[in-house]
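In: What follows is a predicted structure for the sequence shown.
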Amino acid sequence: MSSDFPENVREFMRNYINSVAILDLLILIKNQPNREWTATEVSAEMRTNPSYASLQLNQLVDAKVLENSERKGSYRYREDSPHHDVIVQLEELYHLKKSSIINQIYSQPLDSLRDFANAFKIKKDV
């Protein structure tokens with residue numbers, strides 16, 4: 001399943017996208033790059049609570065996808081983000097293969113756990 005997507009998209013998702021909600025938020029803000037968003041505005045748009053919206057916004061700042069804007073407590077999309085091109089790819093894939101992307105998001109912890117477990121497998125010398 002994960003090989004359906006380019007490696008740069010899988011890596012970005014592994015590192016920064018841990019839920020569909022954060023992906024939806026990223027796409028929402030990316031598509032309105034001149035708008036400044038507060039946690040309250042995000043929570044109203046995404047129908048979530050402001051503290052959860054604030055947490056997601058800060059995760060995207062840490063990922064270098066959003067930046068704090070001049071208005072205190074507001075954020076905007078970083079068009080100069082080092083991840084911009086992969087975000088564009090991810091958005092296209094999300095629209096084309098939504099269920100596959102969602103499946104990838106929620107299977108990631110299992111993939112990580114499986115990789116960790118595989119590191120301890122004893123291999124036979126041939």
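Out: Perfect, I can see it now.
In: Quick one: residues in contact with the helix or strand hosting Val61.
Out: Per DSSP states H and E: Val61 is located in helix 50-62. With CB atoms under 8 Å, 6 or more residues apart in numbering as the test, helix 50-62 has contacts from 16, 21-22, 25-26, 29, 37, 39-40, 42-43, 46, 66-68, 75. Using the backbone N, CA and C atoms, a C-beta is placed for each residue, glycine as well.
In: Let's see that with 7 Å instead.
Out: Helix 50-62 is contacted by residues 21-22, 25-26, 39-40, 42-43, 46, 66-68, 75 when judged by CB atoms under 7 Å, 6 or more residues apart in numbering.
In: any idea what sits nearest Pro6, other than its immediate chain neighbours?
Out: Leaving aside its sequence neighbours, Pro6 sits nearest to Gln89 (CB to CB, 6 or more residues apart in numbering; 6.7 Å).
In: now whichever helix or strand Val86 is part of, how far from the chain's geometric center?
Out: Assessed by DSSP H and E, Val86 sits inside helix 84-96. Per CA atoms, centre = their mean, to the nearest Å, the displacement of helix 84-96 from the mean C-alpha position of its chain is 11 Å.
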